[in-house]
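Undergrad: Need coordinates for the below:
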Amino acid sequence: MAGRIKRKAGLAAAAARTERESAAPDVCALCGRPLGRRVEWHHVVPRSEGGTHTVPLHPICHRAIHASADNVTLARAGTLEAIRERPPLARFLRWIADKPADFHAPTRRARESSQ
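TA: Numbering: from 1, shown residues only. Modelled structure (predicted):
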C-alpha cells in the first residue's frame, strides 16, 4: 500500500507541475522582461525557511538572486520588492534590462554577508 500512496503523491505533484507550466507566465517576476524558452521557478521565501509560493524567472535572474543572498537573507527579505532593492541586484537589473529573453551569461558575483 505504501508504494501506491507514494506513486499517487508523485503523480499529483507531476500534475500540479504540468498545470503550473501550462499557465505559461508572460514575464519574469524579477526583471519584468518577457520570458524565453527556459523558465525556472523560484521560492520567494526559500523552502528551507518554510516558503511555498513560487514565481517564474529567467535562469540568469534566478542565479543572480542566489548569488547575491543566502537563504536566511532571502527569508528575511520576504518579498521580491525587497530583494530588488539589494545593491547587487539593483545593478544587475539595470544591466539586464535591454537583453533578449533567452540571454545567458555566467553569474560570477560572490555572496555578500547577511549582516
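Undergrad: List the buried residues in stretch 62-78.
TA: Neighbour counts over stretch 62-78 (16 or more other C-beta atoms under 10 Å) mark 62-65, 67-69, 71, 73-75, 77 as buried. Where you see a C-beta, it was placed from the backbone N, CA and C, and this is true even at glycine.
Undergrad: My read is that residue 43 contacts residue 56, right?
TA: No. Using C-beta atoms under 8 Å, residue 43 is not in contact with residue 56, being 11.9 Å away.
Undergrad: Just want to know which of these two has more residues nearby.
TA: Using other C-beta atoms under 10 Å, the more surrounded residue of residue 43 and residue 56 is residue 56, with 21 against 17.
Undergrad: which of the buried residues of stretch 62-78 lies closest to residue 97?
TA: Residue 97 lies nearest to residue 64 out of the buried residues of stretch 62-78, by C-beta to C-beta, at 12.8 Å.
Undergrad: avg pLDDT for the helix or strand residue 64 falls within?
TA: Here residue 64 is covered by helix 59-68, with elements defined by DSSP states H and E. Averaging pLDDT along helix 59-68 yields 93.
Undergrad: So in terms of bridging, what pairs with the residue nearest the centre of the chain?
TA: Nearest to the geometric centre of the chain sits residue 42, at 2.5 Å (C-alpha atoms, centre = their mean). Beta-bridge pairing of residue 42, defined through DSSP bridges, involves residue 55.
Undergrad: Could you check the pLDDT of residue 9?
TA: For residue 9, the model assigns a pLDDT of 55.
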